[in-house]
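>>> please find the sequence and the predicted model below.
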Amino acid sequence: MDSFSSGELTPFGMKSVAILRFTMVTRPLYNTPDMGVQGEILRKVADLGDAERVRTTATDLTCGINAESLRKAQASKESGGTRGKLVLKGF
């Protein structure tokens, strides 16, 4: 969620709710002094993936960035038939 107006929070009423925002590019975006930590985190995640201890949420891989593959990806999203992430490979 990049932004929201206070009206959008109305449904939460008096409930205890926390809205947190996290992005993988916070350190580089703000050029923080601990930017090296980002590389360490990504290396750990890559190691976990290589060891098959974590799984991707990608459920569909479309190879080739062309009109046909983009139409297929868009149709899949619009139909609501996509679960997880749809990956376009070949940039």
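Looks like it arrived, so ask away.
>>> any idea which helix or strand of the protein has the worst average confidence?
strand 58-63 (a mean of 76; mean pLDDT, DSSP states H and E).
>>> off-centre distance for that strand?
14 Å (Cα atoms, centre = their mean, to the nearest Å).
>>> CA atoms only for it, dumped as PDB, please.
The C-alpha coordinates for strand 58-63 follow below in PDB (Å, rounded to 0.1, in the frame of the first residue of the first chain):
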ATOM      1  CA  ALA A  58       5.500 -18.200  -8.600                       C
ATOM      2  CA  THR A  59       3.000 -20.600 -10.100                       C
ATOM      3  CA  ASP A  60       3.300 -19.700 -13.800                       C
ATOM      4  CA  LEU A  61       6.300 -18.900 -16.000                       C
ATOM      5  CA  THR A  62       5.900 -17.300 -19.300                       C
ATOM      6  CA  CYS A  63       9.100 -17.100 -21.400                       C
END
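>>> and the nearest residue to Cys63 once chain neighbours are set aside, what are its phi and psi?
Using Cβ to Cβ, 6 or more residues apart in numbering and skipping the chain neighbours, the partner closest in space to Cys63 is Lys89 (5.0 Å). The C-beta positions use only the backbone N, C-alpha and C, and glycine is treated the same way. Here is the backbone geometry of Lys89 (degrees, to the nearest 10): phi -110, psi 140.
>>> most distant residue from the middle of this structure?
What lies farthest from the middle of the chain is Met14; by Cα atoms, centre = their mean that is 29.8 Å.
>>> so that residue sits in a strand?
No - read with DSSP: H, G, I helix; E, B strand; the rest coil, Met14 is coil and lies in no strand.
>>> contacting residues around the least confident helix or strand of the chain?
Contacts with strand 58-63, where a contact means Cβ atoms under 8 Å, 6 or more residues apart in numbering, come from 69, 72-73, 76, 82-90.
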